[in-house]
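**Student:** Structure for the following, please:
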Amino acid sequence: AYASVAAASTAVTVEVAHAFGTATVVVDQTAAGPADLGTYTFGVGGGPFGTVTVSNAGSQASTNELGSEVTVDAVVASAVRVRTVCGNCSQPADACPAGEYLVSACNATSDRVCGAVAPCDAATEYEVAAATATSDAACAARRECADDGSEYEVSPGDLATDRVCAAVTACAADELEVLPPNATR
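**Tutor:** This is a model prediction of the structure:
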């Protein structure tokens, strides 16, 4: 935190070394503080703790006999409790519950993401590929037989197969039409 001072630096460099790398944040101290430096993870698995370094190098501030001035009252680190679901990512933590598939695997910075398997619409679609552990089911639009009288429905299809249509047979010159064509013959 700091008080807003017109002569303060507009570019104070703050370097945060954390469990997954280093972030550099530039703070404008002419605006009233506190400045939010972000959220970081420190000391993962008993690993090294991080550091926060505030530097006056390159700052545009008033100067005195010591050089450029930057003001730092305090750096506040708050512990945040994080629920870890996947634990050791090499374990079967990448398996999703029944009815779901893996959208993205667990890694060092995020938990796995599972998505609900979307069933095909039985009235208008059929399944061309079943859902797997890592992909949703693939559905395709059910074929419509031509409604101009040139086709009829042989089979309506089901969730696993498409509708089957066939061309209407035209009677030959020496044949007599016994039944006119309709949607199913």
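
**Student:** Output the below-cut-off pLDDT ranges for this protein.
**Tutor:** Flagging of the chain using pLDDT under 70 yields the residue ranges 1-7, 33, 43-49, 58-94, 108, 183-185.

**Student:** Which stretches in it count as helices?
**Tutor:** For the chain, helices defined by DSSP state H do not occur.

**Student:** So which residues of it form strands?
**Tutor:** All strands of the chain, identified by DSSP state E, fall at 12-18, 21-27, 51-55, 63-64, 67-68, 100-104, 113-116, 125-129, 138-141, 151-155, 164-167.

**Student:** Could you export the ones you listed as a markdown table, including distance to Pro34 and mean neighbour count?
**Tutor:** Backbone N, C-alpha and C define where each C-beta goes, glycine included. Formatted as a markdown table, these follow (distance: least, Cβ to Cβ, whole Å; neighbours: other Cβ atoms under 10 Å):
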| stretch | distance to Pro34 | mean neighbour count |
| --- | --- | --- |
| strand 12-18 | 12 | 18 |
| strand 21-27 | 10 | 14 |
| strand 51-55 | 13 | 14 |
| strand 63-64 | 24 | 10 |
| strand 67-68 | 21 | 13 |
| strand 100-104 | 34 | 15 |
| strand 113-116 | 33 | 14 |
| strand 125-129 | 53 | 16 |
| strand 138-141 | 51 | 13 |
| strand 151-155 | 70 | 15 |
| strand 164-167 | 69 | 13 |
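
**Student:** I'd like those strands as a markdown table, with distance to Leu37 appended.
**Tutor:** What follows is the strands of the chain, written out as a markdown table (distance: least, Cβ to Cβ, whole Å):
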| stretch | distance to Leu37 |
| --- | --- |
| strand 12-18 | 6 |
| strand 21-27 | 5 |
| strand 51-55 | 7 |
| strand 63-64 | 25 |
| strand 67-68 | 20 |
| strand 100-104 | 27 |
| strand 113-116 | 27 |
| strand 125-129 | 47 |
| strand 138-141 | 45 |
| strand 151-155 | 65 |
| strand 164-167 | 64 |
